[in-house]
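Peer 1: Any chance you could fold what I've pasted below:
(one chain, ligands or ions: 1)
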Amino acid sequence: MSEGSVKKMGELLRQGARMLSDTCPECGTPLFQLRNGDTICPMCNKPVKYVKGDADSQAEAHKERLEESFRKKIDEVQTRLEEADDPALIGELTDTLMKLMEALDRANKLGA
Ligand SMILES: [Zn+2]
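Peer 2: Alright, predicted model coming up:
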């Protein structure tokens, strides 16, 4: 951490900014929240779009991918169900569809 950024941090604190437990994704310097609510990095000297943390955004991306694949499968099974005329196959596809919808519902609730 450079001397300049330490000085800048002191200035920020004097201005009433609050040091956050999160660090800048680019340089690792602790982030500061200004009194107007903006979050800035004193080192990069620019506003940082405040996210809850990398782990959370990764989980969110993972959740979206999961939901997307369930939706695709649901579409596929639905198409096959519409074309099916064998009762056994219809039963099987309906079962699969229900399971997929349940899975999608669960994925939706992840991290909610
Ligand atoms: Zn930074």
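Peer 1: pLDDT averaged over stretch 85-93 - what is it?
Peer 2: Mean pLDDT, stretch 85-93: 96.
Peer 1: ok, and what's touching it?
Peer 2: 77, 80-81, 84 (C-beta atoms under 8 Å, 6 or more residues apart in numbering). Heads up, the C-betas are built off the backbone N, CA and C, glycines and all.
Peer 1: again, 10 Å this time
Peer 2: 76-84 (C-beta atoms under 10 Å, 6 or more residues apart in numbering).
Peer 1: Equivalent analysis for stretch 38-52, please.
Peer 2: 1-2, 4-13, 17-20, 22-34, 37, 57, 59-60.
Peer 1: For ChimeraX, write the select line for the buried members of those residues.
Peer 2: To isolate the buried members of these in ChimeraX, using 16 or more other C-beta atoms under 10 Å:
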select :5,8,9,12,17,22,24,29,30,31,32,33
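Peer 1: restrict the contacts of stretch 38-52 to those near the ion?
Peer 2: 24, 26-27, 29 (C-beta under 5 Å from the ion).
Peer 1: tell me, which strand in the chain spans the most residues?
Peer 2: strand 18-23 (DSSP state E).
Peer 1: which helices and strands sit right next to that strand?
Peer 2: Here strand 18-23 touches helix 3-14, strand 30-33, strand 39-41, going by 3 or more C-beta pairs under 10 Å, 6 or more residues apart in numbering; DSSP states H and E.
Peer 1: Hey, what's the angle from it to helix 3-14? Just curious.
Peer 2: 130 degrees (axes from the mean of the first three to the mean of the last three C-alpha atoms, to 10 degrees).
Peer 1: can you offset everything so residue one is 34?
Peer 2: Understood, numbering begins at 34; the last thing we discussed is strand 51-56.
Peer 1: Fine, thanks again, bye for now.
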